[in-house]
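Novice: turn this into a model:
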Amino acid sequence: MRIPRFPTLIHKRLLVFLVACFSLASCSDRDILPPQKQAEFCVDYASFMHLDGIVDTPAPGNARGADISGSYAYLADGGAGLLVIDITDPASPSIIGSVDTAAGGEAWDVGVEGTLAYVAYGSTGLVLVDITDPSSPKIIEGVETPGRALGVAVSDTFAYVADDAIGLIAVDVADPGTPVITGIENTSGEAWDVALSQNFAYVADKILGLRVVSLGDPAHPSLITTVDAPGGARAVALSGNRVYVALESGGVQIVDITEPALPEVIGYGNVPNAAWGVSAEGDYVFVAARTSGLIALDVEDPSQPVIVGTVPTLGEATSLLVKNGRAYVGSGGAGFRIIDVSNPESPPLLGRLDFTGPGATSAVAACGEFVYAARTNGELHVIDASDPGLPEGIGTIHGLGDLREILITEKAGYLAAGGDGIHVIYIANAGAPVVTKSFSTGGDARAVAIENSTLFVANGFSGLLMVDLLMWYDPDPFNTYALSGMAVDIEVLNGIAYIAVAFRGLEVVDVSDPSDPRTLQVINQFGTVLGVEISDGYLYLATPGSGLVVLDIAAPGPPPVVGTIGTIGNPTSVIVRRGIAYVSEGLVGFEVFDVRNPAAPKRLGIVKTRDAVESLSIRGEFLYGADRNAGFFIAGSQCDW
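Specialist: Residues are numbered from 1 along each chain as shown. Predicted coordinates:
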């Protein structure tokens with residue numbers, strides 16, 4: 001099908017001048033700077049706080065409290081009971097045992113002492129489980145509590161249960177076969193969590209705050225004082241002479257308990273969501289902040305806590321334990337997360353630039369020391385990034401429509417603008433690009449790719465559009481081809497187009513003769529595919545359902561899957577350079593993976609940005625990101641090994 005062409009936008013004499021000046025431009029985003037230059041700004045993402053491993057817990061699971069003993073994690077998993085997880089390799093944790101501790105109940109918390117696990121099991125009460133063989137846990141006995149067992153801590157021959165509206169309950173477990181309730185201290189509110197230190201119990205009361213209870217007589221706990229907690233206390237953790245209280249209203253309260261009978265509030269740390277879990281190690285306190293994930297605060301100066309790191313967890317981070325440099329996070333129905341917090345800080349961003357007005361930043365690309373940022377309100381921003389720490393806007397082109405992607409070549413830039421078609425920009429002077437032509441695609445231009453002298457456009461529900469670039473400054477659309485669904489991204493190599501088709505998967509099309517394309521295969525086992533990338537004979541897919549997927553396309557025939565790895569968020573795009581994959585994941589930020597062995601991708605790190613990462617671009621040592629409503633950012637690429 002022949003596509004009608006729009007008239008050229010520049011005067012013929014200017015066009016001749018631009019062509020003559022072409023030799024000034026060279027803007028491939030695959031240019032790599034020398035290693036010594038790259039090292040100035042590169043980042044070792046694995047050396048910062050990052051996700052290690054994920055466990056998808058079985059239905060009707062609801063990952064909550066956990067305890068660690070040796071190389072095993074014991075997880076209270078709601079309706080699924082108690083799970084035993086082998087954490088010998090934190091990057092590949094696996095469930096090796098389980099026991100449904102009470103039919104119809106829900107496991108809320110667990111404490112491990114020796115070969116016994118003590119499970120707070122909601123309305124069922126406290127259940128004791130023999131874990132001598134972690135792969136085959138067995139229920140020994142239980143004791144029904146009068147309220148709802150939500151938290152548990154163990155000391156010597158007593159277990160102390162936070163029993164919701166009833167308060168704190170002491171259970172004598174000297175004989176595990178016959179546990180006996182010996183005392184109850186009514187905390188007058190809702191007891192949700194408990195931590196022990198010496199002869200005192202510190203109870204998080206959801207209504208009344210922090211309750212300090214004497215265990216001088218371990219069989220008969222006795223309330224001695226209360227510390228008000230704004231918005232109520234959800235969880236509690238101890239470190240040295242401090243108690244950290246997770247606040248329902250958001251944040252953490254820091255209490256000095258040098259004298260337990262006279263506790264003193266010495267600081268507050270704010271977090272951007274309700275705090276449902278808290279744990280501390282060294283000079284840091286960690287907060288499970290529901291949809292905000294895991295947040296690390298530096299509390300060396302407790303009067304001025306500072307957020308230093310964030311790792312999104314997908315699902316709600318609702319419970320937390322930190323031990324020996326790793327955080328174990330319960331994420332409700334989303335499962336269980338292991339996060340390396342040996343360095344609690346997040347990887348740094350080098351610089352960023354915000355934009356004003358409506359519209360979202362949807363794509364970025366670099367040319368020399370300049371960056372182009374495309375926005376959905378039709379603006380193309382030109383940014384001087386010669387100082388990556390202080391990028392500066394130096395110009396804007398308006399009226400370009402719903403910009404979705406930028407492709408920079410040695411000759412020109414091509415802007416995919418949704419229903420507004422394709423715009424061609426000349427970049428001989430990279431700091432002052434000129435629009436040379438605009439034309440309609442007859443559809444929804446989402447992404448573009450080039451091979452030989454043809455521009456291929458992923459054109460939404462209008463399929464695949466072929467454009468003749470024999471005269472790059474005057475492109476000529478000449479053919480369309482229907483696809484199985486909505487085309488949203490495309491890569492082309494050796495006459496084969498790999499097209500991401502939303503809600504359908506991956507469509508592989510022979511375009512060796514662009515006038516007569518033919519579908520070779522539709523691969524729908526991954527569901528929706530939103531991003532595609534080719535690197536060194538492999539095809540990388542960004543899939544919301546399967547995470548990062550790697551296919552081998554070096555050999556002829558249907559490409560086999562050689563590797564997969566789950567992502568924290570829903571991937572929207574992927575780029576690969578020097579064996580490193582960078583995956584944009586919307587509100588989660590972006591993740592970094594080692595794919596030098598494509599059959600076994602490894603997680604390196606994650607960066608949570610201000611808003612939502614829509615797409616990424618890389619050139620030399622710099623990574624550029626479109627951060628939706630928060631402009632764009634510059635980060636360092638992964639350091640070479």
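Novice: okay, and the helix or strand of the protein with the least pLDDT?
Specialist: Ranked by mean pLDDT, DSSP states H and E, the weakest helix or strand in the chain is helix 12-20, scoring a mean of 33.
Novice: just give the nearest non-adjacent residue to residue 554, would you?
Specialist: Of all residues not flanking residue 554 in the chain, residue 537 sits nearest, at 3.6 Å (C-beta to C-beta, 6 or more residues apart in numbering). Placement of C-beta: from N, CA and C, glycine included.
Novice: and the helices in the stretch 101-250 of the chain?
Specialist: Counting by DSSP state H, counting those that start in this stretch, the stretch 101-250 of the chain has no helices at all.
Novice: ugh, wrong one, I meant the stretch 401-550 of the chain
Specialist: Ranges of helices within the stretch 401-550 of the chain: none, based on DSSP H, counting those that start in this stretch.
Novice: low pLDDT regions in it?
Specialist: Within the stretch 401-550 of the chain, not a single segment meets pLDDT under 70.
Novice: where does the prediction get shaky in this protein?
Specialist: For the chain, applying pLDDT under 70 flags the ranges 1-39, 101-104, 641.
Novice: at 80 what do you get?
Specialist: Counting by pLDDT under 80, the chain shows low-confidence ranges at 1-40, 101-104, 314, 410-411, 641.
Novice: leaving out chain neighbours, which residue sits closest to residue 375?
Specialist: Spatial nearest neighbour of residue 375, chain neighbours left out: residue 359 (4.3 Å); criterion: C-beta to C-beta, 6+ apart.
Novice: wouldn't that neighbour be in contact with residue 373 here?
Specialist: No: using C-beta atoms under 8 Å, residue 359 is not in contact with residue 373; the gap is 10.8 Å.
Novice: who has more neighbours out of these two?
Specialist: Set residue 359 next to residue 373 and count neighbours by other C-beta atoms under 10 Å: residue 373 wins out with 28 against 17.
Novice: how about the more buried one, what does it touch?
Specialist: 353, 355, 361, 363, 364, 380, 381, 383, 626, 631, 632 (C-beta atoms under 8 Å, 6 or more residues apart in numbering).
Novice: using the three-state scheme, assign it.
Specialist: strand (DSSP: H, G, I helix; E, B strand; the rest coil).
Novice: so in terms of bridging, what pairs with it?
Specialist: residue 364, residue 381 (DSSP bridges).
Novice: how about residue 170?
Specialist: Beta-bridge partners of residue 170, as defined by DSSP bridges: residue 160, residue 183.
Novice: ok, it to residue 147 distance?
Specialist: 14 Å (C-beta to C-beta, to the nearest Å).
Novice: likewise for residue 274?
Specialist: 23 Å.
Novice: do residue 175 as well
Specialist: Distance from residue 175 to residue 147, by C-beta to C-beta: 23 Å.
Novice: those two: who's more crowded?
Specialist: Using other C-beta under 10 Å as the criterion, residue 175 and residue 147 rank with residue 147 on top: 20 against 11.
Novice: what's the closest non-adjacent residue to that one?
Specialist: residue 166 is the one closest to residue 147 (C-beta to C-beta, 6+ apart), at 3.4 Å.
Novice: next one: stretch 420-434 to chain centre, how far?
Specialist: 34 Å (C-alpha atoms, centre = their mean, to the nearest Å).
Novice: buried ones in that stretch?
Specialist: Counting neighbours by 16 or more other C-beta atoms under 10 Å, one finds that the buried residues in stretch 420-434 are 420, 421, 422, 423, 424, 425, 426, 427, 428, 430, 433, 434.
Novice: is it true that the third one touches residue 446?
Specialist: What it means is residue 422. No: when contacts are counted by C-beta under 8 Å, residue 422 is not listed as touching residue 446 (11.0 Å).
Novice: find residues that contact each of these two.
Specialist: Listed as contacting both residue 422 and residue 446 by C-beta under 8 Å, 6+ apart are residue 416.
Novice: helix/strand/coil for the residue nearest to residue 375?
Specialist: Under three-state DSSP, residue 359 comes out as coil.
Novice: and it, what does it touch?
Specialist: By C-beta under 8 Å, 6+ apart, the residues touching residue 359 are 375, 376, 377, 378, 379.
Novice: pull the most distant pair out of those residues.
Specialist: 376 and 379 (8.8 Å; C-beta to C-beta).
Novice: how about the strands in the stretch 501-641 of the chain?
Specialist: 505-510, 518-523, 531-535, 538-543, 547-552, 561-565, 573-577, 580-584, 590-594, 602-607, 615-619, 622-626, 632-636 (DSSP state E, counting those that start in this stretch).
Novice: report all helices and strands that the first one contacts.
Specialist: The reference is to strand 505-510. strand 496-502, strand 518-523 (3 or more C-beta pairs under 8 Å, 6 or more residues apart in numbering; DSSP states H and E).
Novice: single out the most deeply packed of those.
Specialist: strand 496-502 (a mean of 25; mean count of other C-beta atoms under 10 Å).
Novice: how far out from the middle of the chain is that one?
Specialist: With C-alpha atoms, centre = their mean, you get 25 Å for strand 496-502.
Novice: cool, and stretch 507-514?
Specialist: Distance, stretch centre to chain centre, for stretch 507-514: 34 Å (C-alpha atoms, centre = their mean).
Novice: which of the residues in that stretch are buried?
Specialist: Neighbour-count burial for stretch 507-514 flags 507, 508, 509, 511, 514 (criterion: 16+ other C-beta under 10 Å).
Novice: then stretch 155-173?
Specialist: Within stretch 155-173, the residues scored as buried using 16+ other C-beta under 10 Å are 155, 158-164, 166-173.
Novice: same check on stretch 70-88?
Specialist: Of the residues in stretch 70-88, those buried (16+ other C-beta under 10 Å) are 72-87.
Novice: can you check stretch 139-148 too?
Specialist: 139, 140, 142, 143, 145, 147, 148.
Novice: what's the closest of these to residue 524?
Specialist: Within these, the smallest distance to residue 524 is 44.3 Å, found for residue 139 (C-beta to C-beta).
Novice: report the beta-bridge partners for the nearest residue to that closest one once chain neighbours are set aside.
Specialist: Nearest residue to residue 139, sequence neighbours excluded (C-beta to C-beta, 6+ apart): residue 129, at 5.7 Å. Taking DSSP bridges as the rule, residue 129 bridges to residue 117, residue 139.
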